[in-house]
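In: model the following, please.
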Amino acid sequence: MPNDLRLNTQRLELIAGTADLVRAHLDNPKGFALQLGARAPRISPPPPDVEAVMESMAQALEKGPEEAGWWCWYFVLHDRGAGQRVLIGNGGFKGPPDAEGTVEIGYSLLPQFRDRGYATEAVRALVAWAFEDPRVKRVIAETPRDNAASVRVLDKAGFVQRGQGLEEGLIRLERVRQNQEGR
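Out: Modelled structure (predicted):
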């Protein structure tokens, strides 16, 4: 896997996290923004557990740098009107495909960038990227039942509800590879 894995959509550039990039995200906001080539607004206070999750991703990428793309991605908006690039959110997977060919996706946008289709655009790109790997048979997501915006994003990205999530109040959605034979 290349060290500089990027996906481009109509309005976004998705940049796969490397161990160095995730460490900069955690410890060096100015260096992080420079590596992204984008303005990177800080969330204060950060959402609960985000630092612990990012730390575990950094450690996973340090142990297996070839797994870049299977952990975090940063979503950068090409703001042509303002003539700049800005980090609007992140997302990715909870690791490489498991033995059954399943990966779990998650995503988050800064509040000021929600309800504009960016999450759907990013999720579609990540799912398409995952399905390029013949090991991947399905992509799942779990979201709170009452998070209508997240359910709508997943619906627009082709996911179908498949019952309860692992934790109370969550629902599980999935998108299955159309050609189960792989590529």
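
In: which helix or strand lies directly C-terminal to the strand ranked longest in the chain?
Out: Longest strand in the chain, counting residues (DSSP state E): strand 84-93. Going down the chain from strand 84-93, the next helix or strand is strand 102-109, by DSSP states H and E.

In: what packs against that next one?
Out: strand 84-93, helix 118-131, strand 138-144 (3 or more CB pairs under 8 Å, 6 or more residues apart in numbering; DSSP states H and E). For every residue, glycine as well, the C-beta is placed using N, CA and C.

In: relative to it, what are the paired strands and their orientations?
Out: Its sheet considered, strand 102-109 pairs with strand 84-93 (antiparallel), strand 138-144 (parallel) by DSSP bridges.

In: distance to M57 for these - can I get that in a markdown table?
Out: A markdown table is the format used below for the strands paired with strand 102-109 (distance: least, CB to CB, whole Å):
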| stretch | distance to M57 |
| --- | --- |
| strand 84-93 | 8 |
| strand 138-144 | 17 |
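
In: going by mean pLDDT, which of the ones you listed comes out lowest?
Out: Of all the strands paired with strand 102-109, strand 84-93 carries the lowest average pLDDT, namely a mean of 94.

In: list the buried residues in that strand.
Out: Neighbour counts using 16 or more other CB atoms under 10 Å place R85, V86, L87, I88, G89, N90, G91, G92, F93 of strand 84-93 among the buried residues.

In: just give me how far it sits from the chain centre.
Out: Its chain's C-alpha centre and that of strand 84-93 lie 8 Å apart, by CA atoms, centre = their mean, to the nearest Å.

In: what's the nearest residue to the residue nearest to the spatial centre of the chain if we skip its chain neighbours?
Out: Nearest to the mean C-alpha position of the chain, counting by CA atoms, centre = their mean, stands G91 at 2.0 Å. Setting aside the residues directly before and after it, G91 is nearest to Y107 in space (CB to CB, 6 or more residues apart in numbering), at 3.0 Å.
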